[in-house]
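Enquirer: starting from these lines, generate the structure:
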Amino acid sequence: MSKKIKFLLIIVLVAAIAIGALFLYQWLEKEKQLAALKESFRQCQNLENINITANPEGPPTDISGLDSPIEHVIYGGESVDCLSMYDIYFCNLIDNEEKKLFCEETFYAFKAIKENNLDYCEKTGERKLLCQAMLKKDESLCEKGELEANSSSISEFRACRAVVKEDVKECENLVSEIEIQKCKINYYITLALLKKDISLCDKIEGKKRKALLNCKAALDINECFKYHTEVQCPEIYLPQIAAISKDPSVCEDILYKDEDAKGRFLYQVCVKNAK
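Expert: Residues are numbered from 1 along each chain as shown. This next block holds a predicted model:
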């Protein structure tokens, strides 16, 4: 074997070793990143990080060919707002004063109805008369409450009268299907709190996730923790895990993948990331 051939073989061998080392390094880095993500996911599900913050970089953002995203903050930090139905402390963590006030007024509206305490209605802002109407079962206050709230929608008024009469059919008199659904959601949430019957939350049509969650969380804080571990953690971490592992099967654990727009969108992103 000539020296030239030997030299070429040595070059090929060195190149092969270098390429192999590079692939090994990349594989190790990938495994390291995947292990870190899985550990963060585990901590999230064990409530070690109740204020969920996604990986700042997030998964690949190429969403061409997918349904249009319904939110631009899907991969941003997402707090567990259902906790605000349980303790006003979580409203106080909100920086935006307008949202903070709305959170506080909603908290007291839930508390007034759940505890059948008119005093808390005083802290519900423009919803004060609606709150009083439902506790006093006074239909005349429903109309006054709607005027005081100065709302462009009459769904809350209809829900108020429906609650007073304990008849969801009152919502059917509305023209818009959206208003009918809003009325029914308000009706079942209020009735569930008044009767302290969490099973009434499940009557919310279409299982609107936020309405359903707040309804249940107001009666049982464990429902909020359950949502955090079973819904929010997978939606944040599984698309990222799929992007690294290239395993589309992990996407099947996205609970709302067949239930609502956000769940379907995140599922599609997750599957696409795995390709």
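Enquirer: every contact and neighbour count from this point should use C-alpha atoms.
Expert: Fine.
Enquirer: check what pLDDT Leu194 gets.
Expert: The model reports Leu194 with a pLDDT of 93.
Enquirer: how much space between it and Glu115?
Expert: As judged by C-alpha to C-alpha, to the nearest Å, Leu194 and Glu115 stand 8 Å apart.
Enquirer: what's the mean pLDDT across the helix or strand in which Ser140 is found?
Expert: In the assignment (DSSP states H and E), Ser140 maps to helix 139-149. Average pLDDT, helix 139-149: 83.
Enquirer: next, the buried residues of it.
Expert: Buried residues in helix 139-149, counted by 16 or more other C-alpha atoms under 10 Å: 139, 141-143, 145-147, 149.
Enquirer: for Cys44, give its distance to Ala218.
Expert: Relative to Ala218, Cys44 is positioned 22 Å away (criterion: C-alpha to C-alpha).
Enquirer: out of the two, which sits in the busier spot?
Expert: Shown here are Cys44 and Ala218; by other C-alpha atoms under 10 Å, Ala218 has more neighbours (26 against 23).
Enquirer: hang on, the more buried one packs against Ile88?
Expert: No. Counting by C-alpha atoms under 8 Å, Ala218 stays clear of Ile88, with 11.6 Å between them.
Enquirer: in terms of neighbours, single out the busier of Leu194 and Glu115.
Expert: Leu194 (18 against 14).
Enquirer: low-confidence regions, the stretch 151-275 of the chain specifically.
Expert: Residue ranges of the stretch 151-275 of the chain with pLDDT under 70: 151-155, 206-207.
Enquirer: where do the helices sit along it?
Expert: Using DSSP state H, counting those that start in this stretch, the helices of the stretch 151-275 of the chain run over residues 155-165, 177-195, 209-219, 221-227, 233-245, 261-273.
Enquirer: now do the stretch 1-150 of the chain
Expert: 3-45, 97-115, 128-136, 139-149.
Enquirer: out of those, which gets the lowest mean score?
Expert: Lowest mean pLDDT of those: helix 3-45, a mean of 71.
Enquirer: domains in this structure, by residue range?
Expert: 47-78+220-275, 81-219 (automatic domain parsing).
Enquirer: make CSV from the helices of the stretch 151-275 of the chain and add distance to Leu93 to it.
Expert: Shown next, in CSV, are the helices of the stretch 151-275 of the chain (distance: least, C-alpha to C-alpha, whole Å):
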stretch, distance to Leu93
helix 155-165, 28
helix 177-195, 25
helix 209-219, 18
helix 221-227, 17
helix 233-245, 21
helix 261-273, 25
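Enquirer: for stretch 222-237, which residues meet the burial criterion?
Expert: By neighbour count with 16+ other C-alpha under 10 Å, stretch 222-237 contains the buried residues 223-225, 227-237.
Enquirer: in JSON lines, list the residues you listed along with distance to Lys272.
Expert: Shown next, in JSON lines, are the buried residues of stretch 222-237 (distance: C-alpha to C-alpha, whole Å):
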{"residue": "Glu223", "distance to Lys272": "31"}
{"residue": "Cys224", "distance to Lys272": "29"}
{"residue": "Phe225", "distance to Lys272": "29"}
{"residue": "Tyr227", "distance to Lys272": "25"}
{"residue": "His228", "distance to Lys272": "24"}
{"residue": "Thr229", "distance to Lys272": "23"}
{"residue": "Glu230", "distance to Lys272": "22"}
{"residue": "Val231", "distance to Lys272": "20"}
{"residue": "Gln232", "distance to Lys272": "19"}
{"residue": "Cys233", "distance to Lys272": "19"}
{"residue": "Pro234", "distance to Lys272": "16"}
{"residue": "Glu235", "distance to Lys272": "14"}
{"residue": "Ile236", "distance to Lys272": "15"}
{"residue": "Tyr237", "distance to Lys272": "14"}
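Enquirer: ok so, going back, what's the most buried one of the domains of the chain?
Expert: Mean neighbour count (mean count of other C-alpha atoms under 10 Å) peaks for domain 81-219 among the domains of the chain, with a mean of 19.
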